[in-house]
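Enquirer: pasting the sequence and the predicted model now:
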Amino acid sequence: MKKKFKVGKIFVALLALIWLVIAGAPFYFMVASAFKEQFEIFTAGVFSIPKGLYMQNFKEVLEGDFYVYLFNSLFVVGVSLALILVTSLCASYPFSRFKFKLNKPLFGLIVAAMAVPIHVTLIPVFQLTQKLNLYDTIFALIGPYTAFNLPISVFILTGFMAQIPKELEESAEIDGCGKYRTFFNIIAPLSKPGLATLAIYNSVNMWNEFSFALVLTQSQKSRTLPLSIWEFQGQYNANIPMIMAVLTLCALPMIVAFAIGQDKLIKGMMAGAVKG
């Protein structure tokens, strides 16, 4: 029995190691290439170790409009995320705790909305943005980012809230708490792990979003970080190390955010897995 257990552990460890190599290879290529000179990739090899820490790539990136793109991304993601979390929190509460006639049909529409390809809506959203005079502004991205991330957020948070014991609400009602007070003082605080999961999940999606940012913005003052790589490529050539430096700087905030909120993310994903 112990022998089989050891073989199983070795097999799992081997699979984890293979997955680490597969997932880590692109990340290594990105970081290593960011410290190379422009033609070093072609002369020394794609996955070769940099001959030295060539910091000029990062210097040129930071001396450009990088901070404008960074501010736009932080603003759009921050505002959109706040709207997503507040709206999904308020919508998930009645879906998970109340019984009414339109509960299942409305929740079914939300689930169905998750299956709609967002790229199908590019033209209607573009036309709507122009009519609202929001085209080529950072505010043009907030609406689509919020709308297309709400269905999955409501779906996840509704399942999370459904696992909160109803006895807590009953005890609050006995103590004289109304529905609003119960929501703000009991349900919302207990939903923090689920909200943390949604915050990291949605932040990564919106931070890396490219299609809507490309279609709904035009000038540099309104564009976000995924579009900043265009500064370092021409019609027939591209500065690969410079682009890798941009991507490294773009990925750094999300890596830091994930490292800080990793424990809350795991708790949020595991919460409700075992009924208490």
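Expert: Cool, got the structure. Predicted, not measured: the structure shown is a model, and the values here were computed from it.
Enquirer: what domains does the record give for the protein?
Expert: Domain assignment for the chain, taken from automatic domain parsing, gives 1-54, 58-270.
Enquirer: where among these is average confidence lowest?
Expert: Of all those, the minimum mean pLDDT falls on domain 1-54 (a mean of 82).
Enquirer: possible to save the domains of the chain as JSON lines with mean neighbour count?
Expert: Where you see a C-beta, it was placed from the backbone N, CA and C, and this is true even at glycine. What follows is the domains of the chain, written out as JSON lines (neighbours: other C-beta atoms under 10 Å):
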{"stretch": "domain 1-54", "mean neighbour count": "12"}
{"stretch": "domain 58-270", "mean neighbour count": "17"}
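Enquirer: pull the contacting residues for the closest residue to Thr217 other than its chain neighbours.
Expert: With C-beta to C-beta, 6 or more residues apart in numbering as the measure, Arg223 is the residue that lies nearest to Thr217, at 4.9 Å, once sequence neighbours are left out. Residues touching Arg223, when contacts are defined by C-beta atoms under 8 Å, 6 or more residues apart in numbering, comprise Tyr69, Asn72, Ala213, Thr217.
Enquirer: residue contacts, the last one?
Expert: Contact analysis of Thr217 by C-beta under 8 Å, 6+ apart lists Asp136, Thr137, Ile138, Ala140, Leu141, Arg223, Thr224, Leu227.
Enquirer: test my guess that the third one contacts Tyr69.
Expert: No. With contact defined as C-beta atoms under 8 Å, Ile138 and Tyr69 do not form a contacting pair (10.5 Å).
Enquirer: tell me if Leu141 really is in a strand.
Expert: No. Assigned with DSSP: H, G, I helix; E, B strand; the rest coil, Leu141 falls outside any strand and is helix.
Enquirer: grab the nearest non-local neighbour of it.
Expert: According to C-beta to C-beta, 6+ apart, the nearest residue to Leu141 is Val76 (4.9 Å).
Enquirer: what about the one you found, distance to Met244?
Expert: Plainly put, Val76 is 24 Å away from Met244 if you go by C-beta to C-beta, to the nearest Å.
Enquirer: kindly report the same for Lys131.
Expert: Taking C-beta to C-beta as the criterion, Lys131 is separated from Met244 by 39 Å.
Enquirer: next one: Gly159
Expert: According to C-beta to C-beta, Gly159 and Met244 sit 39 Å apart.
Enquirer: same question, Tyr135
Expert: In this structure, Tyr135 lies at 31 Å from Met244, with C-beta to C-beta as the measure.
Enquirer: for Tyr180, same thing?
Expert: Using C-beta to C-beta, we find Tyr180 at a distance of 51 Å from Met244.
Enquirer: ok, Ala13 next?
Expert: Distance, Ala13 to Met244, by C-beta to C-beta: 31 Å.
Enquirer: shared neighbours of Ile138 and Tyr69, anything?
Expert: Thr224.
Enquirer: so Phe47 sits in a helix?
Expert: No. Inclusion of Phe47 in a helix is not indicated when three-state DSSP is applied; the result is coil.
Enquirer: surely it meets Phe29?
Expert: Yes. Checked against C-beta under 8 Å, the pair Phe47 and Phe29 is within contact range at 6.2 Å.
Enquirer: and the contacts of Thr217, which of them are in helices?
Expert: Ala140, Leu141 (DSSP state H).
Enquirer: how distant is stretch 188-206 from the center of its chain?
Expert: Put simply, stretch 188-206 sits 10 Å off its chain's centre (C-alpha atoms, centre = their mean, to the nearest Å).
Enquirer: with just CA atoms, put it into PDB.
Expert: As requested, the backbone C-alpha atoms of stretch 188-206 are provided in PDB (Å, rounded to 0.1, in the frame of the first residue of the first chain):
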ATOM      1  CA  ALA A 188     -21.300  40.800   2.600                       C
ATOM      2  CA  PRO A 189     -18.500  40.200   5.100                       C
ATOM      3  CA  LEU A 190     -18.800  36.500   4.800                       C
ATOM      4  CA  SER A 191     -18.600  36.900   1.000                       C
ATOM      5  CA  LYS A 192     -15.100  38.400   1.100                       C
ATOM      6  CA  PRO A 193     -13.300  35.200   0.000                       C
ATOM      7  CA  GLY A 194     -15.600  35.000  -3.000                       C
ATOM      8  CA  LEU A 195     -15.200  38.700  -3.800                       C
ATOM      9  CA  ALA A 196     -11.400  38.300  -3.600                       C
ATOM     10  CA  THR A 197     -11.600  35.400  -6.100                       C
ATOM     11  CA  LEU A 198     -13.700  37.500  -8.500                       C
ATOM     12  CA  ALA A 199     -11.400  40.500  -8.000                       C
ATOM     13  CA  ILE A 200      -8.300  38.600  -9.100                       C
ATOM     14  CA  TYR A 201     -10.000  36.700 -11.900                       C
ATOM     15  CA  ASN A 202     -11.600  39.800 -13.400                       C
ATOM     16  CA  SER A 203      -8.600  42.000 -13.000                       C
ATOM     17  CA  VAL A 204      -6.400  39.600 -15.000                       C
ATOM     18  CA  ASN A 205      -9.000  39.400 -17.800                       C
ATOM     19  CA  MET A 206      -9.500  43.200 -18.000                       C
END
